[in-house]
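> Need a 3D model of the following:
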Amino acid sequence: MTQSQKLPRLAITLGDPSGIGPEVVLKALADPVLSQHCDLTVIGSDRILQQTYQQLQSQGFYSAKPDKLKIINLDPDLTLPSLKIGGGNVSSGAMSFQYLETAIARTLKGEFDGIVTGPIAKKLWNLAGYDYPGQTELLAEKAKVKRFGMLFVARSPYTGWTLRTLLATTHIPLSQVSQTLTPELMSLKLGLFVDCLRHEFGLENPRIAVAGLNPHSGENGQLGTEEKDWLIPWLNQQRDRYPYIQLDGPIPPDTMWVKPGQAWFNLGKNAHDGYLALYHDQGLIPVKLMAFDRAVNTTIGLPFIRTSPDHGTAFDIAGKGIADESSMKAAIELGIELVNNRNYP
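Sure, this is the predicted structure:
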C-alpha cells in the first residue's frame, strides 16, 4: 500500500450477542497485524464486549481489550427480556438486527468501505419482528440493489490456492430449485461472478466451471432434461457473450469438485478460478468439507464490500471460550483485500 492509499475502513458487527460472535471478534482482533492494514470499528454493545473479555480472561484465553478498540456502542433496549447466553431470545435477535442496520446506514453515508458481519440466528430475527431470510437480503434491500449473489471464498493453508464458489440459488427448499433456476437467473449470477472476479480479484480472463443440475448432468436427458432443454444452450450463448473467459460446463456435480479438492491439498493445479453451483448444498458441502474453519461468505453486487465468517451462532458452545476465530479473522482479511482491490485496482 502506497502512502497515497488510505487504510480500508471496516465496520464489524457482533452478530447475535448470545452466540459466539462477541468471542470470535475479540479473539480475531487480538492479532495486531489486522489493525496495521485497516481501520476497524466494532458495532455492538460495549457492556457485552467487556463481559465477554472478562470471561475469556478468567478462562485463560487471549483476546483484544475492548477499551483499546473503536466501538459504536448500542446498548440493549431495557424493555426487552434479559439476554440468554448460549440460547438467544427476542432481545438478542433485536440487538443483532440493530447492529447490522446501523452498520449499513453508516456505510452508505460513507463512514466505512465495508462491513464484516458476525453470525445471526434467522429465527430470532423473525421472533423480534424482522422478516428477512438472512443478512444478505437486508443488505441488498438497504443498498437498493436487485442484482446480488452469495459467494464463498477460502484460501488453502496448504497451497495458497483460492476457492471461490458462487450459489445460483440460496435458501430455498430443494423441491423449488429446478423451478427457480432459469436462463435469466443464471445470466444474472454469471454476470455478477465475472465482474467480481475481474474487478475485486484482478482476474481479467477467469476460468469458470458451471455445475450440472442432475446426476451425470442429465446424461443426455436420461437422468433429467434441464441440461439438454436449456442449460447447455444457455452456456453456448454465454460463451459468445464473454469471449474473454473460459466457461466450462455443465460439469457433473459429483466430479466437479475433484480438481478443487486436489488444488486445495497440493495434488494438482488444474482447478478453475471460480465455481458456479446451482443450489445451496451442491456448493456448500464441498466448501465446508475443505474449508470449514476458514471459509468466508461475501455478498457480491453491493456498492460496498461485505464479508462474514461461514459459520453460525454456535449457541451450544457460546460462553465456553472455545470458539475458533479463524473464519472471522479470514473474513476481516478478505474484506481488507477486496476493499483494496476495488479502490486501487
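> for the residue positioned nearest the centre of the chain, helix, strand, or coil?
Of all residues in the chain, the one closest to the mean position by CA atoms, centre = their mean is residue 297, 1.2 Å from it. Under DSSP: H, G, I helix; E, B strand; the rest coil, residue 297 falls in the strand class.
> likewise the one 10 residues further on?
Recorded secondary structure, residue 307: strand (three-state DSSP).
> Look up the residues forming beta bridges with it.
Taking DSSP bridges, one obtains residue 116, residue 298 as the residues bridged to residue 307.
> I figured it hits residue 300, correct?
No. At 10.5 Å, residue 307 and residue 300 do not qualify as touching, with contact defined as CB atoms under 8 Å. Placement of C-beta: from N, CA and C, glycine included.
> packing partners for the helix or strand containing residue 190?
Element membership for residue 190, per DSSP states H and E: helix 183-199. Applying 3 or more CB pairs under 8 Å, 6 or more residues apart in numbering; DSSP states H and E, we find helix 183-199 packed against strand 149-155, strand 162-167, strand 207-211, helix 232-241, strand 274-277, strand 296-300.
> between the ones you listed, which one is nearest to residue 8?
Smallest distance to residue 8 across the helices and strands packed on helix 183-199 (CB to CB): 14.0 Å, for strand 296-300.
> between that closest one and strand 149-155, how many degrees?
Relative orientation of strand 296-300 versus strand 149-155 (axes from the mean of the first three to the mean of the last three CA atoms, to 10 degrees): 140 degrees.
> helices or strands up against strand 296-300?
Applying 3+ CB pairs under 8 Å, 6+ apart, one finds that strand 296-300 makes contact with helix 135-143, strand 149-155, helix 183-199, strand 305-309, helix 326-343.
> out of these, deepest packed?
Mean neighbour count, computed with mean count of other CB atoms under 10 Å, is highest for strand 305-309 among the helices and strands packed on strand 296-300, reaching a mean of 28.
> now it against helix 135-143, angle please.
On the basis of the same axes, to 10 degrees, strand 305-309 is oriented at 160 degrees to helix 135-143.
> Compute the distance from the centre of strand 305-309 to the centre of its chain.
In this view, strand 305-309 has its centroid 5 Å away from the chain centroid, taken as CA atoms, centre = their mean, to the nearest Å.
> quick one on the thing from earlier: could I get the helices and strands packed on strand 296-300 as TSV with distance to residue 24?
Below are these laid out as TSV (distance: least, CB to CB, whole Å):
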stretch	distance to residue 24
helix 135-143	16
strand 149-155	16
helix 183-199	25
strand 305-309	7
helix 326-343	4
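> Can I get those in a markdown table including mean pLDDT?
Converted to a markdown table, the helices and strands packed on strand 296-300 look like this (pLDDT from 0 to 100):
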| stretch | mean pLDDT |
| --- | --- |
| helix 135-143 | 96 |
| strand 149-155 | 96 |
| helix 183-199 | 97 |
| strand 305-309 | 97 |
| helix 326-343 | 94 |
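> nearest to residue 37, of the ones you listed?
Of all these, helix 326-343 comes closest under CB to CB, at 5.3 Å.
> so what secondary structure elements neighbour that closest one?
Partner elements for helix 326-343 (3+ CB pairs under 8 Å, 6+ apart): strand 9-13, helix 21-28, helix 32-37, strand 114-116, strand 149-155, strand 296-300, strand 305-309.
> Looking at the ones you listed, which is nearest to residue 226?
Evaluated with CB to CB, these place strand 149-155 nearest to residue 226, the distance being 20.2 Å.
> which stretches of the protein have low pLDDT?
Counting by pLDDT under 70, the chain contains low-confidence residues at 1-5, 78-80, 344-345.
> which residue sits farthest out from the middle of it?
Max distance from the centre of the chain (CA atoms, centre = their mean): residue 222, 36.0 Å.
> what's the domain layout of the protein?
Per automatic domain parsing, the structural domains of the chain span 1-145+302-345, 148-291.
> Please work out which of the ones you listed is packed deepest.
Compared across the domains of the chain, domain 1-145+302-345 shows the largest average neighbour count, a mean of 19 (mean count of other CB under 10 Å).
> so how far is it from its chain's centroid?
With CA atoms, centre = their mean as the basis, domain 1-145+302-345 stands 13 Å off its chain's centre.
> switch to numbering from 855
Will do, 855 is the new start, and the previous item becomes domain 855-999+1156-1199.
> Show which residues not belonging to stretch 936-955 make contact with it.
The contact list for stretch 936-955, computed with CB atoms under 8 Å, 6 or more residues apart in numbering, reads 867-873, 875, 897-899, 902, 928, 930-931, 934-935, 969, 971-972, 974-975, 977-984, 989, 992-993, 996, 1167, 1169-1170, 1172-1173.
> go with 6 Å
Contacting residues not belonging to stretch 936-955 are listed as 867-872, 897-898, 928, 930, 934-935, 974-975, 978-979, 981-982, 984, 989, 1169, 1172-1173 [CB atoms under 6 Å, 6 or more residues apart in numbering].
> As PDB, could you dump the C-alpha coordinates of that stretch?
Listed next in PDB are the C-alpha coordinates belonging to stretch 936-955 (Å, rounded to 0.1, in the frame of the first residue of the first chain):
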ATOM      1  CA  SER A 936     -32.600 -10.300  29.600                       C
ATOM      2  CA  LEU A 937     -30.100 -11.900  27.200                       C
ATOM      3  CA  LYS A 938     -29.600 -15.600  27.500                       C
ATOM      4  CA  ILE A 939     -26.100 -16.500  26.600                       C
ATOM      5  CA  GLY A 940     -26.000 -19.800  24.700                       C
ATOM      6  CA  GLY A 941     -29.600 -19.800  23.700                       C
ATOM      7  CA  GLY A 942     -30.700 -16.500  22.300                       C
ATOM      8  CA  ASN A 943     -34.100 -14.800  22.600                       C
ATOM      9  CA  VAL A 944     -36.100 -11.900  21.200                       C
ATOM     10  CA  SER A 945     -33.600  -9.500  22.800                       C
ATOM     11  CA  SER A 946     -30.500 -11.000  21.100                       C
ATOM     12  CA  GLY A 947     -32.400 -11.100  17.800                       C
ATOM     13  CA  ALA A 948     -33.400  -7.400  18.100                       C
ATOM     14  CA  MET A 949     -29.900  -6.400  19.000                       C
ATOM     15  CA  SER A 950     -28.200  -8.300  16.200                       C
ATOM     16  CA  PHE A 951     -30.600  -6.600  13.700                       C
ATOM     17  CA  GLN A 952     -29.800  -3.200  15.100                       C
ATOM     18  CA  TYR A 953     -26.100  -3.800  14.800                       C
ATOM     19  CA  LEU A 954     -26.300  -4.600  11.100                       C
ATOM     20  CA  GLU A 955     -28.900  -1.900  10.400                       C
END
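> That concludes my questions; thank you for your assistance.
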